[in-house]
Structure formats: structure tokens, C-alpha cells
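Q: Just need the structure, nothing else, for what follows:
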Amino acid sequence: MSKVDVVKEWFYLAETDLKSAIFLKGMSPIPVEIICYHCQQSSEKYLKGFLAFHDEKIVKTHDLIVLNNLCKKFNSEFIKIEDFCLRLTDYSTNIRYLATLDITQNDMELAIIDATKIQEFILKFDFNF
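A: From the prediction side, this is the model:
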């Protein structure tokens, strides 16, 4: 698989996660935890796609702060999405297991906003495909 194909795959999966999160808002009751999880997953995949484009080894982590710091090596503007990454990071594995995260519908709405801003930020770069 070429590097371009790998990056496109990361971005496709990221977009699918974000679209899933938005779609799930239509359920009743709204699965706020799962929506937040998909937002975190989308952002993780966009960051990993950016790193793959720059031939950076993809580390096995769900920590968006770690991934964002790696991205900063290639572009210092990634500081602009640091707060979004910080808010979304806890929604990775903590949500999939019995956890004490108390997530509200407002948290879920903010997670969708944060994930969308990370998507828009990363896709503004020229990936030449």
C-alpha cells in the first residue's frame, strides 16, 4: 500500500467515526459516551494520518496530546488544536469500560465541535491527492 493510500485510509476511517458520532445524536436515548468515543477516535485517526503523511512511525497510543506533540515536529501550528486534543483524550478507552466519567449532553456537543475543528484543521493542509 502506498503512503498516499495509507493516509487516505486513515482519513476515511476518521471521517467515518465523526459521521457516526453525528448520526448517533438521532438516537433515543442519545448514547453520549459512544458519541464522545467516536469523536476521540476520529481525531486520533486524523492525527495518525497526518503523521503517516510525514513518514512518522505511528505509535500505539490513544493519547491525543502525545500524537499532537508528534505532529508539532512537522508544523508548530498544531498548538492551535491542543485544547481540543486535551478534552477528547479521556474519551478513548476510558469510555469503553466501566468508568466513572460523568459525561453530559453538553460534553458530547463539545466533543463533536472539538473533533470537527481537528478535522478541519488537518484537512486544510495540502496532502497532494
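
Q: shaky segments in this structure?
A: The model of the chain has pLDDT under 70 over residues 94-101.

Q: Spatially central residue in it, please.
A: residue 43 (0.8 Å; CA atoms, centre = their mean).

Q: Show me the helices in this protein, by range?
A: 3-24, 32-53, 64-72, 82-89, 93-96, 105-123 (DSSP state H).

Q: Residue 129: which of these is closest?
A: helix 3-24 (5.1 Å; CB to CB). Just so you know, the C-beta spots here come from the backbone N, C-alpha and C atoms, and that holds for glycine as well.

Q: Need phi/psi at the residue of the chain positioned farthest from its centre.
A: No residue in the chain sits farther from the centre than residue 28, which is 24.4 Å out by CA atoms, centre = their mean. With angles defined as degrees, to the nearest 10, residue 28 sits at phi -140, psi 120.

Q: In JSON lines: the helices of the chain, plus distance to residue 129.
A: Output for those, formatted as JSON lines (distance: least, CB to CB, whole Å):
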{"stretch": "helix 3-24", "distance to residue 129": "5"}
{"stretch": "helix 32-53", "distance to residue 129": "9"}
{"stretch": "helix 64-72", "distance to residue 129": "18"}
{"stretch": "helix 82-89", "distance to residue 129": "25"}
{"stretch": "helix 93-96", "distance to residue 129": "31"}
{"stretch": "helix 105-123", "distance to residue 129": "12"}
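
Q: winner for burial among these?
A: Among these, judged by mean count of other CB atoms under 10 Å, the one packed with the most neighbours on average is helix 32-53 (a mean of 24).

Q: Next, the angle from that helix to helix 64-72.
A: 20 degrees (axes from the mean of the first three to the mean of the last three CA atoms, to 10 degrees).

Q: still on that earlier bit, touching, the residue nearest to the centre of the chain and residue 114? I think so.
A: Yes: if you go by CB atoms under 8 Å, residue 43 and residue 114 touch, sitting 7.3 Å apart.

Q: Need the residues touching each of these two.
A: 84, 88 (CB atoms under 8 Å, 6 or more residues apart in numbering).

Q: hmm, back to that, can you pull the contacts of the residue nearest to the centre of the chain?
A: With CB under 8 Å, 6+ apart, residue 43 has these contacts: 14, 64, 84, 85, 88, 114, 115, 118, 119.
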